[in-house]
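In: Sequence first, then the predicted structure:
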Amino acid sequence: MTAGTLGIVRQAEHPVLPKPTHDERARQEFARSLKGFVQQGLLPGLGPVFQGRVGPAFARAHGRPPADRHDIRRGMVEDPYFQHYAATNRIAQELLWESVLDSIERQWSALNARAAQLSARATAPLEIAAGFDVPRYVTAIDIHCMPGGYAAEAGPDDVAAGALYDRGVFLYAMGFMGPFNDDMGRSVVNWLKRHLPDFRPQRILDLGCTVGHSTLPYKEGFPEAEVTGIDVAAPQLRYAHARAAGLGLEVAFRQRNAEATGFPDDHFDLVVSHILLHETSGKAMPRIFHECFRILKPGGLMIHADLPPFDLMDPFAQFILDNETWYNNEPFWGAMRDVDQPALARAAGFVDVRFDTAPMAILEAAGAAGGAEREFVAGEFAPGGGWEILVGRKPE
Amino acid sequence: MTAARLPRDARGRRPQFYAAQGLDQAMSMILVLAAELSVMRERMDTLEGVLAAHGIDATAAIEAHEPSPETLARREAWRQAFLARLYYLARKDAADAARGETEQAFRRTIEDIAQA
């Protein structure tokens, strides 16, 4: 994909999205542009730098060529081109959060009040659990370098962390998540409609839903269904509930842990997650698969849209992607890709387990309008024009 | 409006990308300055748009603007002063060299004064 494929995508407004001033917006756009430049302008140079000087130097020093992504990293971190690439990428990420924080801090109490007002109007429940235990893999370090992380809150009505995530993810994705940040959910719904045209889920659960950006497409796609989003972070859920209300959709949001949701056995027809698993842990992941199995009805579907495993890529592509582990506070990003996800799903009892690609809805729509080209550039974000999904079915 | 503050520093030790101490921070400062330059440019662009909405074609007027000799001189003076500020460390380096200032001499002076 090239930056020009989609043109400039603007985030769709909704009542709890913080409104930036002119200069705040310009700073946000700069951070996004800098990120785009790193991807389009600096990242392509890493290949030649590795082939031309880092690889040969490694081979001379060690008497063998670099064998895996760890060898490649050892060589690359010494190279000034890589240092500029990685430093600039990190700074772009930091500037992105700074620019959004300015805007939220300025209107913080007004945002909290507006969210509370919107939530009060919704009939679908918002459940925040007193004394909820947020797992360590969410609180130990601030994932994506987002200051405060998912769960930081200053009071019982605080939605700042949700607002920060909503705007931040939009900028981080450089438009590829669509105007509503909902491309992953939308793409999985499209996949379902195409592959299982008769599927009529009555109850749908979205695990690790944060602000509900991926959750809402399920309500739009299956309006008769009871749709629920769960997350461990209260400010994300409050924001999600207000956001859904502001967009006119009735979706329940509950503070629950995907490892032990508290829902009854055989309850849901469809359980989904979007870029959740790589933000959990080695022990949590199998627990989540078992929990999905327990709460699904016989015949029900589990779909996780997340990162493709490393064994499908060459070591250099692995090295590029693994930068997120080291430089963007994604502790489980690299290790998760080494996990045999289909084996985990089968061990939990699932059948018909497979990886598939759900084509990005936003690119399909642009293609239908004659605008999209499926040019592959080894970007760190959604390379290849599709979201990787792991699908499993609970036997009848 | 509340004076409350949101967390600004992400938990998780920040990596150091450059071998030279301080260069990571210098790089971040350069990019913050680049951001502000970009913000300023965007504000000017907006300003031209606002003026256009009020019937003033500032964009064309700016293009057609013929600076007077006084304006040209003022701008040249500003640019030279700006460049001098930008290269103040080079100026200092040359001055040190001219006066024979070395780190050794600096240390010696400190010792001498302590003894004097």
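Out: Sure thing, it's come through.
In: Which residues outside the lowest-mean-pLDDT helix or strand in chain B are in contact with it?
Out: Least confident helix or strand, chain B: helix B:88-99 with a mean of 84, by mean pLDDT, DSSP states H and E. For helix B:88-99, contacts defined as CB atoms under 8 Å, 6 or more residues apart in numbering or on different chains pick out B:A84, B:E101, B:T102. Yep, even glycine has a C-beta here, placed from its N, CA and C like the rest.
In: what about the very next helix or strand once past it, average pLDDT?
Out: Downstream of helix B:88-99, the next assigned helix or strand under DSSP states H and E is helix B:103-115. Mean pLDDT, computed over helix B:103-115, is 89.
In: Let me know the angle separating helix B:103-115 from helix B:88-99.
Out: 80 degrees (axes from the mean of the first three to the mean of the last three CA atoms, to 10 degrees).
In: Give me the buried positions along helix B:103-115.
Out: Of the residues in helix B:103-115, none count as buried by neighbour count, 16 or more other CB atoms under 10 Å in any protein chain shown.
In: so how far is that helix from its chain's centroid?
Out: 33 Å (CA atoms, centre = their mean, to the nearest Å).
In: do stretch A:269-286 as well
Out: With CA atoms, centre = their mean as the basis, stretch A:269-286 stands 11 Å off its chain's centre.
In: does any part of that stretch sit near chain B?
Out: No. Remark: stretch A:269-286 sits outside contact range of chain B, by CB under 8 Å from any CB of the partner chain, the gap being at least 13.3 Å.
In: Averaged pLDDT, that stretch. What do you get?
Out: The model assigns stretch A:269-286 a mean pLDDT of 96.
In: List the residues that contact A:E220.
Out: A:V189, A:L249.
In: did I read that right, it in a strand?
Out: No. Per DSSP: H, G, I helix; E, B strand; the rest coil, A:E220 lies outside any strand segment and is helix.
In: And it, how far from A:M184?
Out: A:E220 sits 14 Å away from A:M184, going by CB to CB, to the nearest Å.
In: and the longest helix for the chain?
Out: By default, I'm working from chain A. In chain A, taking DSSP state H as the definition, the longest helix is helix A:80-106.
In: ah, no, chain B please
Out: Max-length helix for chain B by DSSP H is helix B:23-53.
In: Please produce a markdown table containing the contacts of helix B:88-99, extended by distance to A:L46.
Out: What follows is these, written out as a markdown table (distance: CB to CB, whole Å):
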| residue | distance to A:L46 |
| --- | --- |
| B:A84 | 38 |
| B:E101 | 43 |
| B:T102 | 42 |
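In: Among the residues you listed, find me the one that's closest to A:P48.
Out: Nearest to A:P48, judged by CB to CB, of the contacts of helix B:88-99 is B:A84 at 38.9 Å.
In: Leaving out the residues flanking it, which one is nearest to that closest one?
Out: With sequence-adjacent residues excluded and distances taken as CB to CB, 6 or more residues apart in numbering or on different chains, B:A84 is closest to B:R91, at 7.0 Å.
In: Excluding chain neighbours, give the residue nearest to the residue in the stretch 251-396 of chain A that chain B sits nearest to in space.
Out: Relative to chain B, the nearest point of the stretch 251-396 of chain A is A:N329 (4.4 Å; CB to the nearest CB). Nearest residue to A:N329 in three dimensions, chain neighbours excluded: B:G12, at 4.4 Å (CB to CB, 6+ apart).
In: next one: A:Q83
Out: B:F17 (4.7 Å).
In: what about that neighbour, how many neighbours?
Out: By other CB atoms under 10 Å in any protein chain shown, 21 other residues sit near B:F17.
In: how close does it sit to B:D9?
Out: With CB to CB as the criterion, B:F17 and B:D9 are 18 Å apart.
In: okay but the residue of the stretch 251-396 of chain A closest to chain B is in contact with B:A10, surely?
Out: Yes. Between A:N329 and B:A10 there is a contact at 6.4 Å, judged by CB atoms under 8 Å.
In: what's the overlap in contacts for these two?
Out: A:I141, A:D142, A:C145.
In: Phi first, then psi, for the residue nearest to the second one when sequence neighbours are not counted.
Out: Okay, so that is A:D142. Take A:D142 and drop its neighbours on the chain: the residue closest to it by CB to CB, 6+ apart is B:A10, 3.8 Å away. Here is the backbone geometry of B:A10 (degrees, to the nearest 10): phi -70, psi 140.
In: can you check the one 3 residues further on too?
Out: Backbone dihedrals for B:R13, given as degrees, to the nearest 10, come out at phi -50, psi 130.
In: Measure how buried it is and give me the count.
Out: For B:R13, the count of nearby residues is 7 (other CB under 10 Å).
In: What of A:E324?
Out: 19.
In: coming back round to it: tell me the angle the longest helix of chain A makes with helix B:23-53.
Out: Going by the same axes, to 10 degrees, helix A:80-106 makes 60 degrees with helix B:23-53.
In: how about helix A:80-106: buried residues?
Out: Result for helix A:80-106 [16+ other CB under 10 Å]: buried residues A:81-106.
In: give the contact list for the most centrally placed residue in chain A.
Out: With distances taken as CA atoms, centre = their mean, A:I275 lies nearest the centre of chain A, 3.8 Å away. The contact partners of A:I275, by CB under 8 Å, 6+ apart, come to A:M184, A:A305, A:D306, A:L307.
In: separation between the last one and A:F293?
Out: Which is A:L307. Counting by CB to CB, the gap from A:L307 to A:F293 is 22 Å.
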